[in-house]
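[1] Give me coordinates for this.
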Amino acid sequence: MLSADFGHLDRDTRMIDRSAAEWVHIDVMDGVFVPNISFGFPVLKAISKATTKFLDVHLMIVEPEKYVVRFAEAGAALVTFHIEATTDSKRCIELIRATGAQVGVSIKPATPVEALREILPLVDLVLVMSVEPGFGGQSYIEGSTEKIAELRKLANELNPKLIIEVDGGISAANAGEVFGAGADVLVAGSAVFRAEDPEAEIVKMLNA
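    Now for the predicted structure:
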């Protein structure tokens, strides 16, 4: 939703709600962990009123353990925090799990898959950033596909039910490659909202 028209957020959310997309992805940025600020609880609540779809909230904020419960209470079905943003990943996991929401952890492009080994069995999802977090409209980073395949291999060993989500530079042109590497969920912002027919573009990605 970061790429939506914020002046018409209800309209754009309802378009996604009608579409073949299964999740609504909400990027929360604090201007500290990433060099941009997006939105928080009030906007999440407004989006939740305009869709019945699964709300996937990606926290790009420092000390996420202070806020994960509030985001779950505001409507998030899945709360994802960055492993780089906290010194206590297990505490974040416990807090999210206690709310009944699903638990995700994200890694930036420079963070190796191996950094997830200890907590991989404890989470429902890993979000692989295929661009530097903080801004929409970036190009897919070369090498991300290999990283996804490496994560799928590790997940098969430690957490076979793990969902792998990929965010950054996703379009119909590379969706097939990313799915082929082992991804289950693709996040697309600019490719959808800048398309002439956003709903058709979503279908093209899903069928890639």
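[2] quick one: what helix or strand has the residue nearest the centre of the chain in it?
    Nearest residue to the geometric centre of the chain (CA atoms, centre = their mean): residue 58, 5.0 Å. Secondary structure assignment for residue 58, by DSSP states H and E: strand 54-60.
[3] Run through the neighbouring helices and strands of the helix or strand immediately after that strand in the chain.
    For strand 54-60, the following helix or strand on the C-terminal side (DSSP H and E) is helix 68-73. Helices and strands touching helix 68-73, by 3 or more CB pairs under 8 Å, 6 or more residues apart in numbering; DSSP states H and E, are helix 41-50, strand 54-60, strand 78-82, helix 89-99. In this view, the C-beta of every residue, glycine as well, is placed from N, C-alpha and C.
[4] Determine which of those approaches residue 186 most closely.
    With CB to CB as the measure, strand 54-60 is the member of the helices and strands packed on helix 68-73 nearest residue 186 (11.5 Å).
[5] and the closest one, which residues are buried?
    The neighbour-count check on strand 54-60 (16 or more other CB atoms under 10 Å) flags 55, 56, 57, 58, 59, 60 as buried.
[6] measure the third one to residue 156 for me?
    Separation of residue 57 from residue 156 (CB to CB, to the nearest Å) stands at 27 Å.
[7] Please apply the same query to the fourth one.
    Going from residue 58 to residue 156 by CB to CB gives 24 Å.
[8] Downstream of the longest helix anywhere in the chain, the next helix or strand is which one?
    For the chain, the longest helix by residue count, based on DSSP state H, is helix 144-158. Where DSSP H and E defines the elements, the next helix or strand beyond helix 144-158 is strand 163-167.
[9] quick one: average pLDDT of that following strand?
    For strand 163-167, mean pLDDT rounds to 97.
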